[in-house]
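K.L.:
Provided below for reference: sequence and predicted model.
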Amino acid sequence: MKQIEVKDALPKGFKLHWYEIQGVLGRGGFGITYLARDTNLDVNVAIKEYFPMEYASREGHTQSLEPTSSDQNDVFAWGLKKFVIEARTLAKFSHKNIVRVSSVFDRNNTAYMVMDLEVGQSLADVISSQTRFTETQLTNMLVGLMDGLAFVHEKGFIHRDIKPANIILRPDGEPVLLDFGSARGAMKQTTKLTSLVSFGYTPFEQYHASSEQQGAWTDIYALAGTFHHLIMGSKPAEAMARATERMNGKPDPQLPLADCQNLGFSDRFLRTLDVGLAFRVEERPQDMGEWKTMLLGDGAIPTPSTAQPNVTAIPSSETVLMDEPAPSDNPTYHQSDHTELGQASSDSTSKLPLMIAGGCVVALALGGGSWWFLQGQSGEQEAQPIATPEPVKRPEVDLRELAQLKEELEQAKVQANTLAEARAAELAELKADRERRQEEKRLAEERQEAARLAEEKRKKEAAEKRRIAQEKKRLEAKQRADLARDAQDLVDSFIASFEQRDADALISKNNIAGDKQVFVRQLLGAYESFSLASQDLQLDAPKRTALTTLTITNIRAANGSIVKPSSSWRDIPVIIKPQGGKLTLFWQ
C-alpha cells in the first residue's frame, strides 16, 4: 500500500491506545489519514486525525495540536466538533458500499476516527490510468453505490461530496464510498453551513449556504457527474457556468451523453446519467430508488428540459440613450425645467413654417395694396386733376405680428444653434473620451510590454551573472587544483633529490641561495642517511604561490648513531612561486 511523507505527522511506531502508527496514507486540508496496526485484534486499520493545516500546528515534544493563534480557537473548536459528528454519523452506517467507522476518541487535543482499511484504487486514480469499463461493469458499480446511498438517505443524511477521489474500487470491483466530511442531516438541519463544492460534481442548489433545496437529488447529480467523468475522461460542465449560460439565453454547455456518437453504451444507460445531471432539481429523480428503476427498468426515461429562461432583449437595430436620470432617481431633477426646454424647442420647430408663411403673406399684402392704390389713382387721372396722395399708413397690428414672428424665428434659430452646439460638444466629448481610453489602453500595453521586456532583461542579466560567477568559481577551483598539483610535484622532487643525496640535481632544479648550497653539500657528505617530511601546502591561487615547511628527520651518522638536529637547520621553509613563466621552489 502506497504511503507518503507528511510534515508534522505522527511518527512511525507512535501509540494511540492499542493502535500503532505504521505510516501516512493521505493528507487533506483538515486531516491526516494513517495506516495503523490494531494490536488488540492484530489487523490493519485506517485512522483519520483531525488536523486543519491552516489553523493548527503540532507541539513536537507532546504531539499535541494547538491553534496557530488565539483568533483561530473558535474555528479549530468548530472543526473538531464537526469531525466528531462525522465519525458518529458514519458509525451509524453498516453497508458493504459505505466505509465503516468502528471508533472515535480524543487525544493530543484533537480527535481520531478509526475506520476499516479499504484496499483498492480510487476512481480518481482509475480515471488517471485511463482504464476502460464495460457497461455491465459500470452498471454494477453504479447500482452498488445507489444502494449504499439509498441506505444513507434512509437514515436522514446526504453525503454532499461525492466525487472520484472519494470512491475506492476494491480488487473484486466493488465500490466503497468514503469521506463523509460534508454529510449532514437532510431533514434536521437548523443552522447554515458553509457551502462545500467540488467543481463539476456539485449541483447548482449546493452553492448556497442555506440548503432547503438539497436532498437525495443532490447526491444523484454528483454520482451521475462521477460516472460521466469515468465515461468521457473529463468532468461535466461546472454548475455555475451552466447557470450563467442558461440565464443569458444561451445553450446549456452540458451536452447530453445520449447525443454523443460511438460511446459504446446503451441509450438507456446514457439517458439515466443525463437525467441525473439535469440542471433543475425537479427534473432529476427524487430518490435513489427511482433512479435505479430508470437504469434497470423498462419504462421511458424523461428527457431534461433544455428550454432557456425568457429574456426580453432590445433589438440590435435600436439604440437607447439614457443621458438624464428619471425624476424619481434624482432628487434635484425638476420636471418643469425639463418640460419648458422641450416645449420651447418643439413649439419653435413646429411654428417655423407658419412664421415663414406669415411673413410672406404680410409682405404680399403690403406690396399688393400699394400697387392697387397706385393703379386706382392712375385710372382717375383722366377725369380729374392729379392730387397729391396721402402716405400709406401700415396697420400697427401687422407690424407687431411681423416683429413677433421675427423674434420667435430668431429665438428658434438660437435654440437650434444651442442644441446643435451642445450635441456637437457632447459628441466631441465622447470622441475625446474614446480616444483617451484608447490612448490609456495603448500606454498600458506599452507599459506592460516594457515591464515584460525589463523583466526578461533582468532575468537574462541575473542568469548571466550566475553563469559568470559559476565560471569564475570553476576557474578558481581549477587554478587551485592545478597549483596544488604543480606545487606538490616540486616538493616531491625536492624531497627525492635530497633523500638520494643528489646535491647537483637539488641545486639545479630549485632556487637555493649560495650559503644554503654549502649547507646542503656539507649535510649530504656528513651523514649516512636521513629523510624529509613536508607539512600541508598553504595555497594562494590568485597569486599562484604556495608555502610549506620541510623537516629533516631520521638522521643517521656513518657509525650508525641517531642524530637529533637543532631547530636551526632541521626545518627548511620553502615558497613556491612563478619565475620565468614557470613555478619554482625557493629555499627561504
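P.N.:
Sure, I can see it. Numbering: from 1, shown residues only.
K.L.:
and the closest residue to D486 other than its chain neighbours, what is it in contact with?
P.N.:
Of all residues not flanking D486 in the chain, L583 sits nearest, at 5.2 Å (Cβ to Cβ, 6 or more residues apart in numbering). C-beta: built from backbone N, CA, C; applies to glycine. Applying Cβ atoms under 8 Å, 6 or more residues apart in numbering to L583 gives the contacts 483, 486-487, 490, 544, 576-577.
K.L.:
From these, which land in strands?
P.N.:
Filtering the contacts of L583 for membership in strands, criterion DSSP state E, returns 576-577.
K.L.:
Most neighbours among the contacts of L583, please name it.
P.N.:
Comparing the contacts of L583 by number of neighbours (other Cβ atoms under 10 Å), I576 comes first, having 26 neighbours.
K.L.:
Assess the claim that that residue and T584 are in contact.
P.N.:
Yes: counting by Cβ atoms under 8 Å, a contact exists between I576 and T584, whose distance comes to 7.1 Å.
K.L.:
Identify the contacts common to the two.
P.N.:
L490.
K.L.:
need the contacts of L583 in CSV with distance to S64, can you?
P.N.:
Supplementary listing: those in CSV, determined by distance: Cβ to Cβ, whole Å:
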residue, distance to S64
L483, 58
D486, 62
A487, 60
L490, 66
R544, 61
I576, 63
K577, 65
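K.L.:
Pull the most distant pair out of the contacts of L583.
P.N.:
Greatest spatial distance among those (Cβ to Cβ): L490 and R544, at 12.3 Å.
K.L.:
average pLDDT across the longest helix along the chain?
P.N.:
As far as residue count goes, and with DSSP state H defining each element, the longest helix of the chain is helix 396-499. Taken as a whole, helix 396-499 carries a mean pLDDT of 84.
K.L.:
Also stretch 511-527?
P.N.:
When pLDDT is averaged along stretch 511-527, the result is 86.
K.L.:
Give me the contact list for it.
P.N.:
Among residues not part of stretch 511-527, those counted as contacts by Cβ under 8 Å, 6+ apart are 498, 501, 503, 506-507, 530, 552, 555-558, 563, 569, 579, 584-587.
K.L.:
Stretch 468-479 too?
P.N.:
Counting by Cβ under 8 Å, 6+ apart, stretch 468-479 makes contact with 541-542, 544, all of which sit outside it.
K.L.:
So which of the contacts of stretch 511-527 are in strands?
P.N.:
530, 552, 555-556, 563, 579, 584-587.
K.L.:
ok, back up a step: the residue nearest to D486 bridge partners, please.
P.N.:
When bridges are called by DSSP bridges, L583 pairs up with P578.
K.L.:
same check, this time on I168
P.N.:
Taking DSSP bridges, one finds S122, V176 as the beta-bridge partners of I168.
K.L.:
thinking again about what came up before, export the contacts of stretch 468-479 to CSV and tack on distance to G514 and pLDDT?
P.N.:
Rendered in CSV, the data for the contacts of stretch 468-479 read as follows (distance: Cβ to Cβ, whole Å; pLDDT from 0 to 100):
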residue, distance to G514, pLDDT
A541, 32, 89
P542, 32, 89
R544, 26, 92
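K.L.:
how many other residues sit next to the nearest residue to R170 once chain neighbours are set aside?
P.N.:
In this structure, R170 finds its nearest non-sequential neighbour in G120, 4.4 Å apart by Cβ to Cβ, 6+ apart. The number of residues packed around G120, counting by other Cβ under 10 Å, is 17.
K.L.:
you'd agree G120 is up against I168?
P.N.:
Yes: judged on Cβ under 8 Å, G120 makes contact with I168 at a distance of 4.7 Å.
K.L.:
Taking the ones in strands among the contacts of stretch 511-527 together, which two end up most distant?
P.N.:
Counting by Cβ to Cβ, the most remote pair of these is R556 and Q579, 34.6 Å apart.
K.L.:
Of those two, which one has the most company?
P.N.:
More neighbours sit around R556 than around the other of R556 and Q579, counting by other Cβ under 10 Å; the figures are 14 against 11.
K.L.:
Distance check, the more buried one against F498.
P.N.:
According to Cβ to Cβ, to the nearest Å, R556 stands 15 Å off from F498.
K.L.:
And for F265?
P.N.:
To F498, F265 is 93 Å away according to Cβ to Cβ.
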